[in-house]
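> Okay, predicted coordinates and the sequence, questions at the end:
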Amino acid sequence: REGPEEATPEYHLAEQAIRMLNRFARSRSPWHLEVHFVEPHDAYMPLKKFLDRYDPRAIQVPKSFYDTFQGKPGLHRRESQSWGQVTEEDYRQGRACYYAYVEQLDAQLGRILSALEASGQAANTLLVFTTDHGDMAGAHRMWIKGWIPYEECYRVPLIVRWPVVIRPGSRSQRLVQTHDLAHTYVEAAGAPKLPYPDGRALQPLFENPDRTDWGDEVLCAYYGGEFLYTQRIAITERFKYVFNGFDIDELYDLARDPEELHNALDDAQYRAEADDMRARLY
């Protein structure tokens, strides 16, 4: 697309967020602000000035692009085929547009962060960056979200900044879910705990990112939506088990098969792991 950043929806949303942030900051009362950007979202149409920074020829095509879907639910193959004869060039061009739109959005996030700094409240603000889902963005020859159980859709970014509480640059490999954020916010505000067992406050990980007394699994669900497809997923640090209500199940060894090319459910060497993951899910 051609045109100024000021004409984009994300610029307008950032502008509204900055106005609200400044109003909250002037009140000197505790406040909570969420800013929900739709982009980057297909059909990835970034401004030309951002797209020109990415050369599609320099983008590497992943192994998952060549997935044969052998031994996997039939919907995987049908979904891939629904996009037509996707070529490596299509993948590279699509990724270039996606990366460009991410950078275009980053510029607006930067404006919001600058406003927070200017307000004088950055040092006392819990800041969270995350998203509700990922995007295949060409992996396994798909551009989709939802029922696809691959890491591209389910492993999403979570970046947190909280001066004094969180050590800058620290990282944690523990598994957490979006559900945990509501519990985290409530505890940060000193309010009564939520009466729901769907998540847990993340403050213990903020204090010690490497703690070992943290649950080693997360559970996910897809309830059908436009695909009329039901799915339940259990994920640990190494394995992922997918219950497909209308097809065969899936088991992936994320350590040995990070591209999730091989459904190991029927492999004899994974029988114990399959039983364990199925029990966790039930």
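Structure received.
> going forward, measure contacts between C-alpha atoms and count neighbours the same way
Noted.
> Kindly confirm my reading that Val160 is in a strand.
Yes: assessed with DSSP: H, G, I helix; E, B strand; the rest coil, Val160 lies in a strand.
> Quick check: closest non-adjacent residue to Lys240.
Leaving aside its sequence neighbours, Lys240 sits nearest to Tyr252 (C-alpha to C-alpha, 6 or more residues apart in numbering; 5.2 Å).
> State the helix or strand in which the one you found lies.
Assessed by DSSP states H and E, Tyr252 sits inside strand 250-253.
> Tell me the helices and strands packed up against the helix or strand following that strand.
Downstream of strand 250-253, the next assigned helix or strand under DSSP H and E is helix 271-281. Where contact means 3 or more C-alpha pairs under 8 Å, 6 or more residues apart in numbering; DSSP states H and E, helix 271-281 is packed against strand 231-236, strand 239-244.
> Would you mind putting the CA coordinates of helix 271-281 into CSV?
What follows is helix 271-281, C-alpha atoms only, in CSV (Å, rounded to 0.1, in the frame of the first residue of the first chain):
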residue,chain,number,x,y,z
ARG,A,271,3.7,-45.6,23.5
ALA,A,272,4.4,-44.5,27.1
GLU,A,273,4.5,-40.8,26.2
ALA,A,274,1.2,-41.1,24.2
ASP,A,275,-0.5,-42.8,27.2
ASP,A,276,0.8,-40.1,29.5
MET,A,277,-0.2,-37.2,27.3
ARG,A,278,-3.7,-38.7,26.7
ALA,A,279,-4.2,-39.1,30.5
ARG,A,280,-3.2,-35.5,31.1
LEU,A,281,-5.7,-34.4,28.5
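> returning to what we had before: deepest in the core, which of the helices and strands packed on helix 271-281 is it.
Highest mean neighbour count of the helices and strands packed on helix 271-281: strand 239-244, a mean of 22 (counted as mean count of other C-alpha atoms under 10 Å).
> can you tell me the average pLDDT over it?
Looking at strand 239-244 alone, the average pLDDT works out to 97.
> Show me the shaky parts of the stretch 101-250 of the chain.
Low-confidence segments of the stretch 101-250 of the chain (pLDDT under 70): 226-227.
> Show me the helices in it, by range?
Assignment of helices within the stretch 101-250 of the chain using DSSP state H, counting those that start in this stretch yields the ranges 151-154, 179-188, 203-207.
> For Leu219, give me its contacts.
232-235, 281 (C-alpha atoms under 8 Å, 6 or more residues apart in numbering).
> Name whatever forms a beta bridge with it.
Ala234 (DSSP bridges).
> In this structure Val186 contacts Leu194, no?
Yes: with contact defined as C-alpha atoms under 8 Å, Val186 and Leu194 form a contacting pair (7.4 Å).
> returning to that earlier point: got JSON lines for the helices and strands packed on helix 271-281, with distance to Gln173 too?
Shown next, in JSON lines, are the helices and strands packed on helix 271-281 (distance: least, C-alpha to C-alpha, whole Å):
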{"stretch": "strand 231-236", "distance to Gln173": "11"}
{"stretch": "strand 239-244", "distance to Gln173": "14"}
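> Out of the ones you listed, flag the one nearest Val218.
strand 231-236 (5.3 Å; C-alpha to C-alpha).
> Report the angle between that closest one and helix 271-281.
Relative orientation of strand 231-236 versus helix 271-281 (axes from the mean of the first three to the mean of the last three C-alpha atoms, to 10 degrees): 120 degrees.
> which helices and strands does strand 231-236 pack with?
strand 217-222, strand 239-244, helix 271-281.
> now the longest one, how far from the chain's geometric center?
Mean-position distance between helix 271-281 and its chain equals 25 Å (C-alpha atoms, centre = their mean, to the nearest Å).
> where does Glu5 fall, phi/psi-wise?
With angles defined as degrees, to the nearest 10, Glu5 sits at phi -60, psi -30.
> Contact partners for it?
Contacts of Glu5 (C-alpha under 8 Å, 6+ apart): 11, 47.
> if I look at it, how far off is Pro46?
According to C-alpha to C-alpha, to the nearest Å, Glu5 stands 10 Å off from Pro46.
> how close does the nearest residue to Ile166 once chain neighbours are set aside sit to Tyr196?
What sits nearest to Ile166 in space, not counting adjacent residues and going by C-alpha to C-alpha, 6+ apart, is Phe206, at 5.4 Å. Noted for Phe206: a distance of 21 Å to Tyr196, by C-alpha to C-alpha.
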